[in-house]
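Q: Dropping the sequence and predicted coords here.
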Amino acid sequence: MSTTTAAAPVTTTDRVPALRSALATRPVWLVGVAATVVAAVATALVAVVAKAADVPLQVVPSSGEGLETIPPSGFATMTLVGGAIGTVLALALARWAKRPARTFVVVTVVLALVSLASPLIAEDATTATRLVLELTHVVAAAIVIPAIAYRLARVTGSR
């Protein structure tokens with residue numbers, strides 16, 4: 001007589017504690033890099049979907065010469081730059097702030113809100129383009145800020 005046992009299916013709720021555990025034990029810089037890469041991919045995907053929906057994603061460049069299309073890689077690149085700045089900020093706060101997670105959240109949420117002004121003033125951009133630009137800012141912030149803040153909440157040591 002033989003018996004077989006089926007493995008229990010892995011659910012999303014099973015993965016959340018594992019993800020939290022991984023975030024809590026990795027170095028701050030590694031969490032920042034990982035969250036930034038995930039956010040860069042997510043913003044590029046938003047751009048791809050928007051392009052497939054015929055959103056022009058065109059803005060006037062700083063040179064002021066005609067409209068230029070922002071490629072999905074441009075969204076990813078700018079997300080990587082913003083995430084790198086956020087990670088450096090997190091490292092500094094982990095070292096010198098009394099409450100690094102709280103300080104990080106306050107500073108980065110304010111910066112994210114300020115960043116929402118740039119799509120609104122994008123010259124000659126369509127409303128759809130502006131909405132996609134706003135959405136990519138929110139997507140990037142919604143991925144990077146909570147991940148780094150969660151890790152910073154577990155920072156211990158003397159300050």
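A: Ah, there it is. Keep in mind it's a predicted model, so treat the numbers as computed, not measured. Residues are numbered from 1 along each chain as shown.
Q: so what secondary structure elements neighbour the strand or helix carrying Ala39?
A: Assigned by DSSP states H and E, Ala39 falls within helix 28-52. Applying 3 or more C-beta pairs under 8 Å, 6 or more residues apart in numbering; DSSP states H and E, one finds that helix 28-52 contacts helix 72-96, helix 127-152. Any C-beta I mention is one placed from the backbone N, CA and C, and that applies to glycine too.
Q: Give me the contacts around it.
A: Under the contact criterion C-beta atoms under 8 Å, 6 or more residues apart in numbering, helix 28-52 has outside partners 23, 26, 57, 70-80, 82-84, 86-87, 90-91, 94, 128, 132, 135-136, 139-140, 143-144, 147-148, 150-152, 155.
Q: In PyMOL, how would I select the buried members of the residues you listed?
A: In PyMOL, a selection of the buried entries from the contacts of helix 28-52 looks like this (16 or more other C-beta atoms under 10 Å):
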select buried, resi 23+57+70+72+75+76+78+79+80+82+83+86+87+90+91+94+132+135+136+139+140+143+144+147+148+150+151+152+155
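Q: Just the buried residues of the helix holding Ala39, please?
A: Within helix 28-52, the residues that count as buried by 16+ other C-beta under 10 Å are 28, 31-40, 42-44, 46-47, 50-51.
Q: Mind checking the pLDDT average for that helix?
A: Throughout helix 28-52, pLDDT has a mean value of 98.
Q: Check which element follows it along the chain.
A: Remark: after helix 28-52, the chain's next helix or strand is strand 58-59, criterion DSSP H and E.
Q: now that following strand: how far from the chain's centre is it?
A: Offset of strand 58-59 from its chain centre (C-alpha atoms, centre = their mean, to the nearest Å): 22 Å.
Q: partners of the next helix or strand after it, with directions?
A: Next along the chain after strand 58-59, taking DSSP H and E as the criterion, comes strand 68-69. Sheet pairing for strand 68-69, assigned by DSSP bridges, gives strand 58-59 (antiparallel).
Q: Need the contact partners of the strand it pairs with.
A: For strand 58-59, contacts defined as C-beta under 8 Å, 6+ apart pick out Leu67, Glu68, Thr69, Ile70, Ala122, Glu123, Asp124, Ala125, Thr126, Thr129, Leu133.
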